[in-house]
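Colleague: make a model of this:
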Amino acid sequence: MITIRQLLLGATAGLALAACAPATPPAATAAPKPDAAADEAAVRAVNPAWFKALSAGDAAGVASLYAADAVLSPPNAPAARGQAAILEFFTKEIATMSSAGLTNNMGTDPTEVGVSGDLAWEWGTYSVTDQAGKIVEIGKFTSVLARRDGAWKLIRDTWNSDNAPAAEAPKK
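Modeller: Model prediction:
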């Protein structure tokens, strides 16, 4: 036979155990699951924006796609570190391309993209055309992006030409 004293002891022990159990966080505070398709789409939108700004002669628009600590590694030039140096590079590059009548175009092949957490990469192709629309250069690029303050920003960017290097002038 169970006494009132035994019932009270059992109830007290049950309450004590319940008080020690970890609290279950409410669903509203749980971290949201990453949306892989949305991340890939956002990463894929960066390089078309880059080519659009470059074609429009908008060096500031191009530079705004880079993180503050980004490194740009263009061909035949030293690396540009940080947005100010990247802006300076593209200001000069746009002026050079404009005076030569050249346009940089994103390739027609689909790019390749990989996303892992807050880091992503994209590989693709490009072409450079002259005023008549003739392709004068083709090449490829690799971009590394990071999610910064909710937006995908370029943190490392490099490209190179598929064209053979220019022949050296004969020595006299």
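Colleague: does the residue nearest the centre of the chain count as helix, strand or coil?
Modeller: For the chain, the residue whose C-alpha lies nearest the mean C-alpha position (Cα atoms, centre = their mean) is Leu145; its distance is 2.3 Å. Secondary structure state of Leu145, per DSSP: H, G, I helix; E, B strand; the rest coil, is strand.
Colleague: and it, what pLDDT?
Modeller: Residue-level confidence at Leu145 comes out at 98, pLDDT.
Colleague: and if you look at Cys20?
Modeller: Residue-level confidence at Cys20 comes out at 53, pLDDT.
Colleague: equivalent analysis for Gly82, please.
Modeller: At Gly82, the model reports a pLDDT of 97.
Colleague: ditto for Glu168
Modeller: Confidence per residue is given as pLDDT, and for Glu168 that number is 78.
Colleague: and the lengthiest helix in the chain, what does it pack onto?
Modeller: Of all the segments assigned as helix in the chain under DSSP state H, the longest by residue count is helix 36-55. Using 3 or more Cβ pairs under 8 Å, 6 or more residues apart in numbering; DSSP states H and E, the elements in contact with helix 36-55 are helix 59-63, strand 103-106, strand 112-116, strand 119-129, strand 135-148, strand 151-161. Just so you know, the C-beta spots here come from the backbone N, C-alpha and C atoms, and that holds for glycine as well.
Colleague: on that earlier part again, isn't the residue nearest to the centre of the chain right next to Asp118, touching?
Modeller: No: under the criterion of Cβ atoms under 8 Å, Leu145 is not in contact with Asp118, lying 9.2 Å apart.
Colleague: check for me that Thr108 belongs to a helix.
Modeller: No: with three-state DSSP as the criterion, Thr108 is coil rather than part of a helix.
Colleague: Trp50 versus the nearest residue to it once chain neighbours are set aside, what's the distance?
Modeller: The shortest distance from Thr108 to any non-neighbouring residue, by Cβ to Cβ, 6 or more residues apart in numbering, is to Thr125 (7.8 Å). Distance, Thr125 to Trp50, by Cβ to Cβ, to the nearest Å: 14 Å.
Colleague: show me where pLDDT drops low in the chain?
Modeller: Using pLDDT under 70 as the threshold, the predicted model of the chain has low-confidence ranges 1-33.
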